[in-house]
Structure formats: structure tokens, C-alpha cells
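*Asks:* can you look at this prediction? I've put the sequence above it.
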Amino acid sequence: MITIRRFALALLAAGSVLSSCPAQADSMRTLHGQALYRERMALPPGAVLSVWIEDTGATRGAPLVMAERREEIHHGVPIPYTLTYPALPPGGHYVLNAEITVEGHRLFATPEGGTSLDHPQLLLRRVAGTSIRAPYGAWRIQSVGSLHFDNTAEAPGLTLQQDGTVYGTDGCNRLMGHFRLTTQSLHFLPLAMTRKACLPSLMTQEQQIGAFLPTVTSWSRDGESHLVLHGSASAGTMVLVPQDAQ
């Protein structure tokens with residue numbers, strides 16, 4: 001569907017070159033709207049919003065796309081968008097469509113048939129069979145390298161928030177700061193920490209975690225219940241589970 005849609009746009013662009021004139025600039029229109037979904041969930045890094053106008057009565061088979069805008073999402077819902085398009089020829093059946101994708105996989109989309117151009121606030125629905133696996137949330141640190149931690153009141157943990165802030169505990173002291181996240185990479189910026197003394201075992205735990213976090217370069221998910229932070233080759237990995245996991 002996406003390949004066919006872009007092919008139609010390419011034909012439209014070629015036609016505009018052949019018939020270009022100064023009056024065309026005056027015929028451009030701008031549509032401002034918002035896209036939203038009802039699910040209470042954060043989008044993964046790298047999510048892209050695509051909004052396009054198509055003429056569903058223009059041809060048999062694939063609808064003809066009149067204009068399209070694709071942009072990486074850096075905003076919570078509702079997600080604002082701006083779509084510029086040429087004056088639409090009379091007689092067409094024009095509808096507005098949108099989708100949210102991550103690495104080419106559709107997560108949300110407008111219902112089949114699209115939406116009228118008079119209603120630019122688009123309600124997207126979850127696409128069946130997709131899942132959002134961003135690393136945001138409250139996590140308990142289960143292990144760092146070969147060192148494993150029991151699920152106790154002193155268990156270390158991290159909370160990664162969508163605004164890029166992180167806070168938690170290494171089991172001895174509190175820590176807080178910021179991180180940078182993309183589809184595959186994750187980097188912690190220098191973290192602030194409290195400085196209280198603890199039992200020797202907890203101090204060792206603190207040193208292990210404190211030495212590992214600056215080495216983190218990427219993240220992955222191992223199933224639905226494990227977040228894995230990957231450090232340098234010598235540092236190994238940190239495995240985390242949801243904070244309420246038993």
C-alpha cells in the first residue's frame with residue numbers, strides 16, 4: 001500500500017513540473033489538524049506520523065494521493081500536523097488518512113474509508129497484531145553482568161520517563177538525571193546521586209551499577225517482561241524486569 005501510494009505521488013509531482021506556472025503557488029492550501037489515539041501508551045522512539053489526502057474515486061485500484069506529509073513524532077497526543085496541498089480538482093472524492101509507523105510497521109491508522117477534509121482531528125485505531133515495546137516505565141534491576149540482585153526492599157531500580165528523565169536507586173543511594181533514546185540506542189547523561197554510607201554489600205552493588213550505566217549504548221527487549229541494556233563489550237548487559245514483577 002505504501003509503495004503504490006508513493007508511486008502515485010511521483011506521477012503527480014512529474015505532472016506539476018510540466019504544467020508549472022506562477023499561479024500554482026497561489027493555489028496551495030494548508031490544513032492544520034491533530035492525530036490522536038485513545039490507548040494510554042507511549043510511542044517508541046522513531047515513530048513516524050504520515051498524513052495524506054487521497055482521491056478514492058480517481059482510479060480503479062489504488063487511490064490517487066494528492067498530498068502527503070511524513071514526520072517523526074516528538075510530541076505526545078494529540079499530535080499536531082500541517083499538510084500543504086494543491087487546489088483539488090472538482091469532481092473527486094477526497095478523504096484524509098493517517099498512520100503511525102515504527103520501522104515500517106503500522107501501529108495506528110485511521111479507519112478504512114478515511115475522514116472528511118472538514119474534520120482534520122483524526123482518531124487513529126490500533127492496528128491488530130502490533131505491539132508497542134518502548135522501554136519507558138518503572139523497572140527493577142535483576143542483574144548486571146554476572147551479579148544478580150534479589151527482589152527485596154533494597155532492590156535497585158530505574159524509572160525511564162518519556163520526557164527523557166530517569167530516576168531510581170542503586171539499592172544504597174538515589175540517582176536521577178537524563179537519558180537519550182532512539183529506536184536502538186540509549187545513553188545516560190551524567191547522573192546526580194545522593195551520598196549516604198551503606199552496608200558493604202550494598203556499597204559493592206552501588207559500585208557495580210554506577211560503573212555500568214555510563215557504558216550503556218543500546219537497549220533491546222527480551223519478550224514482554226525483560227528490558228536489556230547493553231554496555232561495552234567488557235561491561236556486558238543489565239537485565240531489568242517490571243517493578244511489580246515477582
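*Replies:* Looks like it arrived, so ask away. Nothing here was measured: the structure is a model prediction, and the numbers come from that model.
*Asks:* how close does the residue nearest to the spatial centre of the chain get to R106?
*Replies:* Central residue of the chain (CA atoms, centre = their mean): P44, 2.8 Å from the mean position. P44 sits 13 Å away from R106, taking CB to CB, to the nearest Å as the criterion. Yep, even glycine has a C-beta here, placed from its N, CA and C like the rest.
*Asks:* do P63 as well
*Replies:* As judged by CB to CB, P63 and R106 stand 17 Å apart.
*Asks:* more neighbours: which of the two?
*Replies:* P63 (24 against 18; other CB atoms under 10 Å).
*Asks:* show the pLDDT at that one.
*Replies:* Confidence at P63, expressed as pLDDT, is 71.
*Asks:* follow-up on the earlier one: what's the closest non-adjacent residue to the residue nearest to the centre of the chain?
*Replies:* A134 (4.1 Å; CB to CB, 6 or more residues apart in numbering).
*Asks:* same check, this time on I141
*Replies:* Nearest to I141 is P156, by CB to CB, 6+ apart, at 4.2 Å.
*Asks:* and A211, what element?
*Replies:* Using DSSP states H and E, the element containing A211 is helix 200-212.
*Asks:* quick one: average pLDDT of that helix?
*Replies:* Rounded to a whole number, the mean pLDDT of helix 200-212 is 91.
*Asks:* again, but for stretch 74-85
*Replies:* For stretch 74-85, mean pLDDT rounds to 91.
*Asks:* quick revisit: wait, doesn't the residue nearest to I141 sit right on G168?
*Replies:* Yes. Using CB atoms under 8 Å, P156 is in contact with G168, at 7.0 Å.
*Asks:* higher neighbour count, these two?
*Replies:* P156 (24 against 21).
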